[in-house]
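Colleague: Below is the structure, and that's it, no one-letter string:
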C-alpha cells in the first residue's frame, strides 16, 4: 500500500478522487431514477419477473372415455389408473399424491383424474432463444454473403463489381425497417403466393426476417472484407502469383488468412449491431426478445422492470459474443 | 530462354508515363544479365513484364518459347518456371520460414509435404538459414528474409530467376550475404535477370549489362566494355554519378 509496485506507475491522489467521482455519478443517477419512480407511485415488483423465464405449469390428466375405474396400481411414484367400459379400456398415469379418483368411481370423458406440474420456458426465455437463433443464422449467412460480396467488390470483372456495388449501396442507403417491410410484405407475399399456387407449403415470416437481417449484415460485412483484403500489401499477391499460384490459391493460402486478423474486430462490431437490429423483427410478428417483452408488459403492467431486463438480456448476448470474438482474435494472433 | 520483342508499356494512372518504349532483349540459357539505370527508367517494369505481373501493351515476350502475351497462355504455368525476388522480400508473415518455402511446392507443384519439406530444408541449408526454419519471418533480419525469399523462389525449380533490386531495402552490412547467394546461383548456371544498383555485383557476375533510361535500352555490353568504355553520354553521366 502506498509504495510503488515495480512496473506500475504510482497513481497520484487526484486519480482516486476522480475514481470516486465516477462511482458517485453512477450511484447518484441510479438513486435519482429510483426516487423518481417512487414519486409517481410506481411499485417495483422484481419478484414477479422470474415467472416469465421459467414457470411451473399444472397439467391435468383427463379421461378420454367414460367408464369405471377398474384398477389403480402403483409404480414407483406413479399411480396407473385403468378405466374400463365394456370392451374399451384406457390407462392413465398421474403422480401418486395428486390422484383424484378411487377404484370403482364412474368417470365421464373430460373428468380430471389427477394432475402434475412441469417446468416450462416462459415467454421471455422463448424470446431470448428466438433472438439468439435468428441472430446466429443471420450472422452465418451474412458472413457468407459478405465474403463473396467483398470479393466481387474488388473483382475486375464489371458484372461482379457493379453487382456488388449496387447491392452494397442499396442496402446501406435504406433503413433496415423498410428492408424488413419489403422482405415481408413484398417479397414474402410474392414468394408465398407463388408457392401457394404450386400447392407447396408457405414460408413462415421468421425466414423473411432472417433474410432481411442477413442481407443487411452482408452488405456491411462485404465492405469490411473488402477493406481487410485491400489492407494486405500488394506484394503478398504479387509474391504468391509469381510462384504460379492461381487467384483462388493465392486468396485461400496467402491473402485471406492475413485479412481475417484485420477483419475480426470490425466484424465483431457488426455482429453486435445485428443482434440489436434483430429487435426490429417484432414488427413482422416474430416474437423475439423485444416483442416478447412488449407482450409481457401489456399483461403484467411492470414496464420498468421488464424494459431494463430486456436491455440487460441484449447486453448479455452482445457481451458474450464480444468476449468470444476477443478470445478468437487473441488465439488467432498467437498461432 | 527469354526473348523480348518490341515491347511497349504505358501507365495511364495516375498520369501518363511511357514506361517501356520499343524494348527488345534476348537472354540465353545460363546467362546472367544485370539491368541498371536511374529510377523511373523502366527497368523494374521490364522485369515485371517478364512474368506478367505487368501486362505489356504490345510486342511479344517469349519465355522458354512460350508467348506470355498470348491470351491462350496459362500464365500460372509459366510463372511456376520463373522465380522472382522482390525488393521488399514479400514473405508470407503468417507462415513460418519453412511453410513459406513449402507452400507453393505443395499447392502449385502438387508435391507431398514430406518431399516439399526435404527440398525446403536443403534450400534453407544452401542459403545458410536452416536453423531458422521454424520461426516467423518477422523474427529475421532483412538479409535473412531476402535469403528465405530466394529459397522460396528456388523451391519451384525455376528455369529463370528475376531479381528486382534485391538488396535495395537492406542495411549495408547485410547486402553481402544476399549477393553471395546470388553469386552462387549464377555460378551454378541459373539464367538470371537482375535489376540492381550493386555495380560490384554487375562487374563480377554479369555476362551482360544493360543500361536503361526513359523506358528504352540505351546501351548493352559486357561489364568490361560497360564500365571501362561506355559509348553513350547518358551512360557516362549515370556511371559518373554512382561510381
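Modeller: Sure thing, it's come through. Note that the structure is a prediction, hence the values are computed from the model and not measured.
Colleague: Write out the residues of chain A neighbouring chain B.
Modeller: Within chain A, the positions near chain B by CB under 8 Å from any CB of the partner chain are A:233, A:235-236, A:238-246, A:249, A:253-254, A:257-258, A:261. In this view, the C-beta of every residue, glycine as well, is placed from N, C-alpha and C.
Colleague: swap the cut-off to 10 Å and go again
Modeller: Contact residues, chain A versus chain B (CB under 10 Å from any CB of the partner chain): A:232-247, A:249-250, A:252-255, A:257-258, A:260-261, A:332, A:335.
Colleague: which of those residues count as buried?
Modeller: Buried residues within those, defined by neighbour count using 16 or more other CB atoms under 10 Å in any protein chain shown: A:232, A:236-246, A:249-250, A:253-255, A:257-258, A:260.
Colleague: The residue in chain B that chain A sits nearest to is in what secondary structure piece?
Modeller: As assessed by CB to the nearest CB, chain A sits closest to residue B:80 within chain B, at 3.1 Å. Assigned by DSSP states H and E, residue B:80 belongs to helix B:75-81.
Colleague: got the buried residues for that helix?
Modeller: For helix B:75-81, by 16+ other CB under 10 Å, it's B:75-76, B:78-81.
Colleague: What lies in contact with that helix?
Modeller: Residues outside helix B:75-81 that contact it (CB atoms under 10 Å, 6 or more residues apart in numbering or on different chains) are A:241-247, A:249-250, B:50-53, B:55, B:61, B:63-64, B:66-69, B:74, B:104, B:108-109, B:156-160.
Colleague: Could you rerun that using 6 Å?
Modeller: A:242, A:244, A:246, B:51-52, B:63, B:66, B:68, B:108, B:156, B:158-159 (CB atoms under 6 Å, 6 or more residues apart in numbering or on different chains).
Colleague: Out of the residues you listed, who's the most crowded?
Modeller: The most crowded member of the contacts of helix B:75-81, judged by other CB atoms under 10 Å in any protein chain shown, is residue A:242 (29 neighbours).
Colleague: In contact with that one, which residues?
Modeller: By CB under 6 Å, 6+ apart, the neighbours of residue A:242 are B:51, B:79, B:84.
Colleague: Just give me the neighbour total for the one residue in the stretch 1-150 of chain A that gets nearest to chain B.
Modeller: Nearest residue of the stretch 1-150 of chain A to chain B, counting by CB to the nearest CB: residue A:147, 18.2 Å away. Using other CB under 10 Å, residue A:147 is surrounded by 17 other residues.
Colleague: same deal with residue B:55?
Modeller: For residue B:55, using other CB under 10 Å, the count is 12.
Colleague: Am I right that it is in a strand?
Modeller: No - the assignment for residue B:55, made by DSSP: H, G, I helix; E, B strand; the rest coil, is coil rather than a strand.
Colleague: Got phi/psi on it?
Modeller: phi -100, psi 120 (degrees, to the nearest 10).
Colleague: Strands of chain B, residue ranges please.
Modeller: With DSSP state E as the criterion, chain B has strands at B:2-11, B:17-27, B:32-36, B:58-63, B:66-67, B:82-85, B:160-164, B:191-195, B:208-213, B:216-221.
Colleague: Check what pLDDT residue A:147 gets.
Modeller: You'll see residue A:147 listed with a pLDDT of 94.
Colleague: in chain A, which spans are strands?
Modeller: Using DSSP E, strands in chain A cover A:54-62, A:67-75, A:78-85, A:88-95, A:106-107, A:112-121.
Colleague: would CSV of the buried residues of helix B:75-81 with distance to residue A:302 and pLDDT be doable?
Modeller: CSV is the format used below for the buried residues of helix B:75-81 (distance: CB to CB, whole Å; pLDDT from 0 to 100):
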residue, distance to residue A:302, pLDDT
B:75, 70, 93
B:76, 67, 94
B:78, 74, 94
B:79, 70, 95
B:80, 71, 94
B:81, 76, 94
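Colleague: residue in the stretch 101-250 of chain A nearest to chain B?
Modeller: residue A:244 (3.1 Å).
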